[in-house]
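**Q** Quick one, what's the 3D model for this:
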Amino acid sequence: MTYPPNVRPAPERAPERQPVPPAVPVPPQHSARTLVTERLRAAATTEPGRLQIIGAVLALLVVAFGAVTAFEINDRAAAANDVVERSQPLSAKAADIYRSLADADAAAASGFLAGPQEPRDVHDQYVKDIDDASRLLVEAAATTDSSTRSGQEITKLNEELPRYTGLIERARANNRQGLPLGGAYLRYANQKMANELLPAAERLYTAETDRLDQDYRSARTWPYLSLAAGVVALAVLFWVQRRNYRRTNRVFNHGLLAATAAATVVLLWLAVGHTVSRSDLAEADAHGQRSLDVLNRARIDSLKARANENLTVVARGAVLTADGKNDKYETDYGTGMKALGEELARAGKLADGDAPGSEPVAAAVSAVGEWQSRHRTARKADDDGDYEAALELIIGSKGSTGESFKQVDDALHKAITHEQAEFTEAAKDGRGALGGLPIGAAALAVVGAVAAIVGINRRLSEFR
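**A** Now for the predicted structure:
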């Protein structure tokens, strides 16, 4: 725009400032946990809200009690089942492996003493023992991890057994030809048996017995967590019912009463069932497995003594003790018979007056005394130079130490059979006492939780 010379333009006015609106506060952001906590706090200020919280806690406690009970008892039941089905049978197989090997060694020496023509029954017994040991080793290997101590001993036995039988066959071959080298092979085979095979078998038996003891301890351990959970669940249930009575003056709430009954049944079932199981397993251990352990060791001692007795006649003083003063095999025989007497004394105490268990042990003790008496007579005859009389007193069919040894072995076999039956019966009873408890506890816990919720909802319905 053009202005006249004497006219000045009016100054431009600055734009008016718009008022600034006040800031709107941003609500604080809350985490999900905070929101839940605030809602619970708000709910806890009213009776219906408190009842809902109580119902949820009750259901959770009862379900937790059932779940913990099912888990712990299932673990105890599995251990009890291992005692019956796995560890004890493996321990028995290990003992049978040892017995078969020791008996084979004794039979081999007896057959050698009989001369070039080995008696058929003695040979058959040797073959049976070797076959039994081989079969038992295969069965044990099938259920044992090769990397474990037991697996390593089984591997060693499988490697050394063919070498032992090879030495026995060489001894027989030389003996049939009347060559004195046969006696050397027999002594070498006996050394392999005594120094390698039998120690490995004993370590296998010890390892399996240790595993059996571990299963015993696992099966008999008290389920402390389950018992504690049951006591807590019942305490809270009683508290809730007392609270309900004080606020409503009503004695019974059917839902809460049913939940209490379910939890009580589970707790009593747990306590009584596990107590009975512990008692039966303790009976199986004290009057079954311990007796079996002693009797197995006694039988093994008798077999080793018999083998050493035979080798005393075979070696004729050619093998001496480390000090060079005494016959090694005669000394080992005496040591074995002393151990046998000690084991039989222990077995007699463990038999606890039970006739089927004590009578075979008493018969074995009597036969051992007769065996020792005949052995002394045989040694005197041998020392007097009457080898044929000594041989008849050792391997003869009548009045010999061989006859006494068979009486001892038969009596111990009878005692072992009895104790094995005692163990199996008691162990199965112990396993059966836990049967159904894991499933029953879980089912009753669900029933109890539902009943608790129904009971609380019945109370909530009064506020609507």
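
**Q** Where does the prediction get shaky in the stretch 251-400 of the chain?
**A** Residues of the stretch 251-400 of the chain meeting the criterion pLDDT under 70: 251, 317, 352-355.

**Q** so where do the helices sit in it?
**A** Per DSSP state H, counting those that start in this stretch, the stretch 251-400 of the chain carries helices over the ranges 254-284, 290-315, 328-350, 355-383, 387-395.

**Q** which one of those has the most crowded surroundings?
**A** helix 290-315 (a mean of 25; mean count of other C-beta atoms under 10 Å). To be clear about C-beta, it is placed using only N, CA and C from the backbone, and glycine gets the same treatment.

**Q** Pretty sure Val231 sits against Thr264.
**A** No: Val231 lies out of contact with Thr264 (C-beta atoms under 8 Å); the separation is 10.9 Å.

**Q** Would you tell me which of the helices of the stretch 251-400 of the chain gets closest to Glu159?
**A** Comparison of the helices of the stretch 251-400 of the chain against Glu159 by C-beta to C-beta identifies helix 290-315 as nearest, at 21.6 Å.

**Q** which ones are touching Leu434?
**A** Ile73, Arg76, Ala77, Ala80, Gly273, His274, Ser277 (C-beta atoms under 8 Å, 6 or more residues apart in numbering).

**Q** same thing but 6 Å
**A** Contacts for Leu434 were tallied using C-beta atoms under 6 Å, 6 or more residues apart in numbering; they are Ile73, Ala77, Gly273, Ser277.

**Q** Which single one of those residues is nearest to Ser302?
**A** Closest approach to Ser302 among the contacts of Leu434 (C-beta to C-beta): Ser277, at 35.9 Å.

**Q** gap between the closest one and Ala92?
**A** Note on Ser277: its distance to Ala92, by C-beta to C-beta, to the nearest Å, is 22 Å.

**Q** same question, Lys338
**A** Using C-beta to C-beta, one gets 26 Å for the distance from Lys338 to Ala92.

**Q** how much space is there between Leu204 and Arg299?
**A** Distance, Leu204 to Arg299, by C-beta to C-beta: 16 Å.

**Q** What of Gly357?
**A** In terms of C-beta to C-beta, Gly357 sits 15 Å off from Arg299.

**Q** ok, so of the contacts of Leu434, who is nearest Asp145?
**A** Using C-beta to C-beta, the contacts of Leu434 come closest to Asp145 at Ala77, 23.0 Å.

**Q** any idea which of the contacts of Leu434 is closest to Ala315?
**A** When the contacts of Leu434 are compared for distance to Ala315 (C-beta to C-beta), Ser277 wins out at 53.7 Å.

**Q** so that closest one sits right up against Gly430, yeah?
**A** Yes: assessed by C-beta atoms under 6 Å, Ser277 is found in contact with Gly430 at 4.7 Å.

**Q** hang on, the earlier thing: right, and the helices of the stretch 251-400 of the chain - which one's nearest Arg149?
**A** helix 290-315 (18.2 Å).

**Q** And the closest one, what does it pack against?
**A** helix 88-113, helix 328-350, helix 401-432 (3 or more C-beta pairs under 6 Å, 6 or more residues apart in numbering; DSSP states H and E).

**Q** Looking at these, which one is packed in the most?
**A** Burial of those is given as mean neighbour count (mean count of other C-beta under 10 Å); helix 88-113 ranks first at a mean of 25.

**Q** Measure how far the next helix-or-strand element following that one is from the centre of its chain, please.
**A** Sequence-wise, the next helix or strand downstream of helix 88-113 (DSSP states H and E) is helix 120-142. Put simply, helix 120-142 sits 26 Å off its chain's centre (C-alpha atoms, centre = their mean, to the nearest Å).

**Q** residues of whichever helix or strand comes after helix 120-142 that come out buried?
**A** The helix or strand immediately downstream of helix 120-142 is helix 149-176, counting by DSSP H and E. Under the neighbour-count criterion of 16 or more other C-beta atoms under 10 Å, helix 149-176 has 149-154, 156-157, 160-161, 164-165, 167-168, 170-172, 174-175 buried.

**Q** Helix or strand: which one has the closest residue to Pro223 other than its chain neighbours?
**A** Excluding the flanking residues, the one nearest Pro223 by C-beta to C-beta, 6 or more residues apart in numbering is Glu72, at 4.0 Å. Glu72 belongs to helix 47-82 when elements are defined using DSSP H and E.
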